[in-house]
Each structure stands twice: as C-alpha cells, then as structure tokens.
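J.: sequence below, structure please.
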Amino acid sequence: MLKNLLKKIVISILSWEARFVLRKYHPKIVGVTGSVGKTSTKDAIALVLSAKYDVRKSDKSYNSDIGVPLTILGEKSAWNNPLEWLKIIFRGLDLIFTKNKYPEWLVLEMGAGRPNEIRDNVRWIKFDMAVLTSLPDVPVHVEIFGSRERLVKEKMFLVNAIGSDGFVVLCSDDLSVMAMNKDLPGQVITYGLTSNSLVKATDYQISYSGEGELKVPAGLSFVINYQENNWPVFLDKIVGPHMLYPVLAAFACGVSVGVNPVDIVKKLSTFKTPPGRQHLISGINNSIIIDDTYNSSPVALEAALKALVQIETSGRKIAVVGDMMELGSHTAIEHKRMGELASGICDFIITVGVRARFAYESALSAGFAPDKIFHFDTSVLAGEYLKTVVGAGDIILVKGSQSARMEKTVEKIMLQPELKSQLLVRQEEEWLSKK
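T.: The predicted structure is shown next:
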C-alpha cells in the first residue's frame, strides 16, 4: 500500500517536471505505438534521425506512465532505491531552472499497459510524428482492456493527436492499420512490402557465412524503394523478414523530416536489434540461437516461426515456446494454434509453462512425433534439457512472454554465458534477484 502510494507520488512529480522541461526546450517528438515491434522501431528511428539531429530515445522499453517522463528527463529507473529517486527529482529541477543542452528530437515508445495511458500522455505531450506499427487480431494486453476494440482505440489516441503539420507513419501491410487511414490530421506516409507502400522493401534474402555444418545465417539483404529510387541495405545478424518493418518505418520517418536517404542507409547498415528481439547468438555445439525472449504474442510468435521456414541449415529447426501472457479468453486457442503451426515447421519442439502446454498438446494432436516434443514447467529446466540434445547446425528459436523468463533457457545453451550481461535481456540486478 505504502509502496504504491510512493510510486504514484514519484510519477506525479516526474510528470510535472517533464511537462516543464518540454515547455522550456521545445523538442520535436516522435511517438511509437502498436502491438508488435515498438522497441525495435523506436531504436531504428532514433538511429536514423541521429544522422542529422541530436536525438534521445526511450531506454529499453520505457513506455509506461513512469518510463515516458524518465525519458524526457534523460534518466533511468532507480527501481526500489528512494535516495536515487530523490536524486532524479533534483536533477529534473536543475533541467527546469538552469540552462542545459537538450536533444532536438525525442523518440518515445508509447505503451498501453492500462486504459487511458496513451490518452493521458497526449494531453500534455505535443507529438510531431506518430508511428503505428501493427494492430493484430489478438494483441498483447488484450486481457487488460477487455476487448481488441478498446485497445485499438487507446493506440489511436496517439495518431489522432498529430497536428496538420505533423506526420503519421503507417504500416501498409496491416489491413487494420490502413483501415484507420481516414481523416487523419497529419501527413500520412506508408511503409511495407506491398506495392502500394510509399517506402517499400524488395528483393530480401538471408545471407550465410561458413560452409557445410558450419554454415550459419549471417544477415538479411534487401532493397529500399522510395520515389523511384533504390537503396541496397544489409542488416547484420538479423534474419527474420518481419524485422524489415522497423527499418522501413525508420526510413519513412527520416525522409519525412529531411534526412538524406544516403545518410539513412548508412545508419541502417549499423542497426542492431536490442537483446531479446530476434538477436542471433552463437550456441553450444556449433548451433545458432535466435534469441527472441523479450516478450511474445501470437502475431510475433507466428512471424518468428515463419522466419524459420526461410532459414537454410544442415541441422534441425528447434522452437522453444514459452507462455504468452495477457491474452484473456484467447489464451487456449492461440497457444493451440501456435503449437499446430510449429508442428508443421520445426523438427523439434519444447514448450515451457502452464499456458504453453496447450501448444504441446496441439502439436501432438497434429501428428508431431512424441519423441521430438517435450514440455517443462520452467525455462531453466528447458535449458538444462536442451544442453543434452543440441547439435551442430541446429537453429534454436527461443521465445516467450516476459514473465516466462525465457532468457534463462538461452543462458544454458549459449556458447559464451560469460557474456550474458551484454547479450541477454533482463540482466539487471533487480531482474536477476527475481525467481
């Protein structure tokens, strides 16, 4: 009770300070929302804008009612340290009352962890650009909002807050997103893989390094088409075609505010996915891990599984599927659907958690070999078992919602566990102390 009260007080103070900081420094602001790919998109946009402007982005996934003001103030969470929170508050006052250098652009990830969260933010933050990534049929957090329609309405508060001189960047491959493209106040620019996209990717293919059993996916090459011009791009250590979307959104944002396309492409060639988001990691016994452990939802897991289809390997395609949370009444059917999908793509499947058992049972019902699918209660047990079966050339996709802690599975099978603090998600002391 007291802890929650103190949290509300801190949020109120930081939000008050953030308001005054914005009024004083007048930065341009990009807001990124949607139900898939927000963090990667936010990171790519900040990278592109940095080719011309001084930019600050949300740290990690600071997209909540406390993460947004922290980003505006240029601070990181102090977790449960009251003294550090006081220091943050005093530094915020310093920003307000003394002259400081401040970024020209802010790139803010806008989450919807509760009803009216985005609505409340757009009331005091003036956005110059809104990016809407996707609106899948079964989005994450749907359990909290009660229905997809309410969640979509929340996301649209950001898009509808853009003025007539601002920009709205939409994914043209998402029919639900494009259905919102009616009477929007800002200038609309679209991106995607379809022919009607203003910013489009073509000729994408996975590149490989090594030979034989040591042949491993090295990255993704493609061409960006914009206004009848073409720019080849190579993304190092990125193999999922769905990872093209954050890059295309970033290109769209960059050209809309005057960044030279040549400079954009140079920046994009250095783009790296954050830990836990389709991150390629070397595994034991000459295997490759696709670490997608930050979070999971049906549409994101489906995209990750379908990416496996396009990867060539001399070994097996293994999926380690953890619980997908906050799906409400969709929980059973979506886990079952993912189990059936995985059974038609993978050579070996491991499921983790109470909800993921639906996927396990569905894969067996679809005819998947019982000796090639196993279920575990925890991610640690799954990792310990994987250590005994992973072989040369195996490609291992590991994915699950945050609370499933699937990074613990990756830690067990990564070639260099001593680098986990650099390569894995949730390696802060506060996370490591949680069971």
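J.: got the domain ranges for the chain?
T.: 2-268, 279-427 (automatic domain parsing).
J.: hmm, who's touching the longest helix seen in the chain?
T.: Ranked by residue count under DSSP state H, the longest helix found in the chain is helix 2-25. Outside helix 2-25, the residues that touch it by Cβ atoms under 8 Å, 6 or more residues apart in numbering are 29, 65-66, 68-70, 72-73, 82, 85, 88-89, 92-93, 95-96, 102, 124-126. C-betas here are computed from N, CA, C, even on glycine.
J.: next, the buried residues of that helix.
T.: By neighbour count on 16 or more other Cβ atoms under 10 Å, the buried set for helix 2-25 is Val10, Ile11, Ile13, Leu14, Ser15, Glu17, Ala18, Val21, Leu22, Tyr25.
J.: pLDDT (mean, whole number) over the next helix or strand after it?
T.: Moving toward the C-terminus from helix 2-25, the next helix or strand (DSSP states H and E) is strand 28-33. The average of the pLDDT scores along strand 28-33 is 97.
J.: just after strand 28-33, pick out the following helix or strand.
T.: Using DSSP H and E, the helix or strand that follows strand 28-33 in sequence is helix 38-49.
J.: and that next one, which residues are buried?
T.: Lys38, Thr39, Ser40, Thr41, Lys42, Asp43, Ala44, Ile45, Ala46, Leu47, Val48, Leu49.
J.: helices or strands up against the helix or strand that contains Ser362?
T.: If you go by DSSP H and E, Ser362 is part of helix 357-365. The contact analysis (3 or more Cβ pairs under 8 Å, 6 or more residues apart in numbering; DSSP states H and E) places helix 357-365 against helix 331-343, strand 348-352, strand 373-376.
J.: most packed of the ones you listed?
T.: strand 348-352 (a mean of 26; mean count of other Cβ atoms under 10 Å).
J.: what strands flank that strand, and is each parallel or antiparallel?
T.: Sheet pairing here is set by DSSP bridges, and for strand 348-352 it gives strand 317-322 (parallel), strand 373-376 (parallel).
J.: dump it to CSV, restricted to CA.
T.: The C-alpha coordinates for strand 348-352 follow below in CSV (Å, rounded to 0.1, in the frame of the first residue of the first chain):
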residue,chain,number,x,y,z
PHE,A,348,12.0,-30.4,-32.5
ILE,A,349,9.7,-28.5,-30.1
ILE,A,350,10.0,-27.6,-26.4
THR,A,351,7.2,-25.8,-24.6
VAL,A,352,7.5,-24.1,-21.2
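J.: mean confidence for it?
T.: Per-residue scores along strand 348-352 average to 98.
J.: how far out from the middle of the chain is that strand?
T.: Its chain's C-alpha centre lies 23 Å from the corresponding centre of strand 348-352 when counted by Cα atoms, centre = their mean, to the nearest Å.
J.: how far off helix 331-343 does that strand point, in degrees?
T.: 160 degrees (axes from the mean of the first three to the mean of the last three Cα atoms, to 10 degrees).
J.: give me the pLDDT value at Asn181.
T.: 78.
J.: secondary structure element for Cys219?
T.: If you look again at residue 219, you'll see it is Gly, not Cys. Per DSSP H and E, Gly219 falls inside strand 216-226.
J.: downstream of that strand, the next helix or strand is which one?
T.: strand 229-236.
J.: how far is that following strand from where the chain is centred?
T.: On Cα atoms, centre = their mean, the centre of strand 229-236 falls 21 Å from that of its chain.
J.: list the strands paired with that strand, with their directions.
T.: Short version: by DSSP bridges, strand 229-236 pairs with strand 216-226 (antiparallel).
J.: can you list the helices and strands that the helix or strand of the chain with the lowest mean pLDDT packs against?
T.: The least trusted helix or strand in the chain, going by mean pLDDT, DSSP states H and E, turns out to be helix 142-145, with a mean of 78. With contacts defined as 3+ Cβ pairs under 8 Å, 6+ apart, the packing partners of helix 142-145 are helix 148-160.
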